[in-house]
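Asker: task: produce atomic coordinates for the following.
(4 chains)
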2 protein chains.
Amino acid sequence: MVIVKKTYKDQVIDHIYQMLLADQLKPGDRLKESLLALEMGISRAPIREALKELMTLGLIDYKPQIGNFLPVMTPKQIIDSYTTRGVLEGYAVMSASEHFTRQDLERLDRYVDVMGQAARDGEHKQVVDIGGEFHDFLVARSDNQQLLEYSSRLSMKLHVLFFKHWGMLYRPDEIEQRHRAIVTSIKAQDKTRIEQVVRNHYVETGTKIVAVQALSSVTVI
Amino acid sequence: MVIVKKTYKDQVIDHIYQMLLADQLKPGDRLKESLLALEMGISRAPIREALKELMTLGLIDYKPQIGNFLPVMTPKQIIDSYTTRGVLEGYAVMSASEHFTRQDLERLDRYVDVMGQAARDGEHKQVVDIGGEFHDFLVARSDNQQLLEYSSRLSMKLHVLFFKHWGMLYRPDEIEQRHRAIVTSIKAQDKTRIEQVVRNHYVETGTKIVAVQALSSVTVI
DNA sequence: CCGTCGTCGAATGTCGACATTAGACACATT
DNA sequence: AATGTGTCTAATGTCGACATTCGACGACGG
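Answerer: Numbers count the residues shown, from 1 in each chain, chains lettered A, B, ... in the order given. Now for the predicted structure:
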């Protein structure tokens, strides 16, 4: 039996997620409480609840007395966010490096194989999905809940707000090689290197996204 | 002219902060909306707003359909939080290490001097305050806003929820020496060591707090 | 005596209306 | 024309009441 959504608030959150993923919302857009309430046929109270919850995840930029907006991140903020994620994930993977079993490593290698093939085939969405699974799998090996929380928040935020730019970001061989390097460093049990490799991965990713954003003349503040 | 608080929500947040700092609230306590509303002579709406905002900072544990509570952290969660803060602050300080001026370093040394003296004098509150300033000053040198945000959230959370345990945590010479080591590593411009020293500082702090908590037979889940 | 079930109370979830404020627009003044 | 002021509108902030749900307590049955 499927658990059905109970509170309106949760339905509102789903609604906003779907609009985000369907590209019906873009950074800078305003989310009017009354409009959302009208759309969903409910009052503003649960809308406000939902917006506050999304604020917690950093997906909503709330300005008192003014309104709620989708965050517009400057290139610097994007790079900072990716860097921070790299720092968190680097430590997570490093500190959990001994806990990876042979099966784990095989699985990671398979992720990279599939990702590389998808990249060569131009299956951008699949590349992104596998990439997400790869990193989630990595981080999940850490038993530090606090680290995981912040890491996944950043992941979610960056994913939702910049998903659409991904298709232009990588060269197939490069993305495969970079992820392979992470697996290799884990196999080698070289803690210092593991942390460094993961960090660099994110710093490079952030830098590339910003470069792409500039090229495609997305508004940059 | 002083800016006065405008919205009730902000007043509620202040009210809760004061209760926290005055030890009128302890981990596990329930925060009833209707009671707070009655206390402050306002309706429940701004109370809910305030609680949601504090949730963002991790200071409120919200359980749907049940209520809002002050988080009860397990020893593991405390250690995890301190570790995470160490990872973030370690990177922040390391990456900003070149930006410390001679004046900055002198100031840091002075913080440590005063802290050491306060510790020897048994001025626990002063030790905590100076320690906070010391770390804030360190982290503020990073120009990564995302890092700063998470770091200060953790700082706030740990401060508010465990402030009262600090008095029992350190030996005067030890706390001075540990902070001095951070300054020394910055002076030496040894990036690897900087990051390591800051991390260790927090890991040790977390471990000690948990030890103290166990000793003083605070409820541990 | 113990476990299950139903009732009840109190707290959170939601509602619609009103109060207040920020931003836009038009107007007056220089 | 540019600037400052005042009004107006639409959005957020707050309110009190009602709906719904969770947890406690006690009655009932084994």
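
Asker: now do the buried residues in stretch A:33-41.
Answerer: A:E33, A:L36, A:A37 (16 or more other C-beta atoms under 10 Å in any protein chain shown). Every C-beta, even on glycine, is put in place using the N, C-alpha and C of the backbone.

Asker: what score does the first one have for pLDDT?
Answerer: On pLDDT, A:E33 comes in at 96.

Asker: equivalent analysis for A:E149, please.
Answerer: The model's pLDDT for A:E149 equals 95.

Asker: hmm, the strand or helix carrying it in reach of chain B?
Answerer: For A:E149, the element it lies in under DSSP states H and E is helix A:145-162. Yes: residues of helix A:145-162 contacting chain B under C-beta under 8 Å from any C-beta of the partner chain: A:Q145, A:Q146, A:L147, A:Y150, A:L154.

Asker: how about the strands in chain A?
Answerer: In chain A, the strands defined using DSSP state E lie at A:30-31, A:61-63, A:67-69.

Asker: in JSON lines: those strands, plus distance to DNA strand C.
Answerer: What follows is those, written out as JSON lines (distance: least, C-beta to the nearest atom of the strand, whole Å):
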{"stretch": "strand A:30-31", "distance to DNA strand C": "11"}
{"stretch": "strand A:61-63", "distance to DNA strand C": "7"}
{"stretch": "strand A:67-69", "distance to DNA strand C": "9"}
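
Asker: and those: which comes nearest chain B?
Answerer: strand A:61-63 (9.0 Å; C-beta to the nearest C-beta).

Asker: mind giving me the packing neighbours of the closest one?
Answerer: helix A:44-56, strand A:67-69 (3 or more C-beta pairs under 8 Å, 6 or more residues apart in numbering or on different chains; DSSP states H and E).

Asker: neighbours around A:S152, how many?
Answerer: 18 (other C-beta atoms under 10 Å in any protein chain shown).

Asker: actually, A:R141.
Answerer: What A:R141 shows, counting by other C-beta under 10 Å, is a neighbour count of 17.

Asker: would you mind listing what in chain A touches DNA strand D?
Answerer: Within chain A, the residues that sit near DNA strand D (C-beta under 7 Å from any atom of the strand) are A:6, A:30-34, A:44-45, A:48, A:64-68.

Asker: and the nearest residue to A:F162 once chain neighbours are set aside, how many neighbours does it have?
Answerer: Take A:F162 and drop its neighbours on the chain: the residue closest to it by C-beta to C-beta, 6 or more residues apart in numbering or on different chains is A:I209, 6.0 Å away. When neighbours are defined as other C-beta under 10 Å, A:I209 has 22 of them.

Asker: related to what we said a few turns ago, return the most buried member of the helices and strands packed on strand A:61-63.
Answerer: Greatest average neighbour count among the helices and strands packed on strand A:61-63 goes to helix A:44-56 (a mean of 20), per mean count of other C-beta atoms under 10 Å in any protein chain shown.

Asker: out of the buried residues of stretch A:33-41, which is nearest to DNA strand C?
Answerer: A:A37 (7.2 Å; C-beta to the nearest atom of the strand).

Asker: my read: the closest one touches A:S43, true?
Answerer: Yes: counting by C-beta atoms under 8 Å, A:A37 does reach A:S43; the two are 5.9 Å apart.
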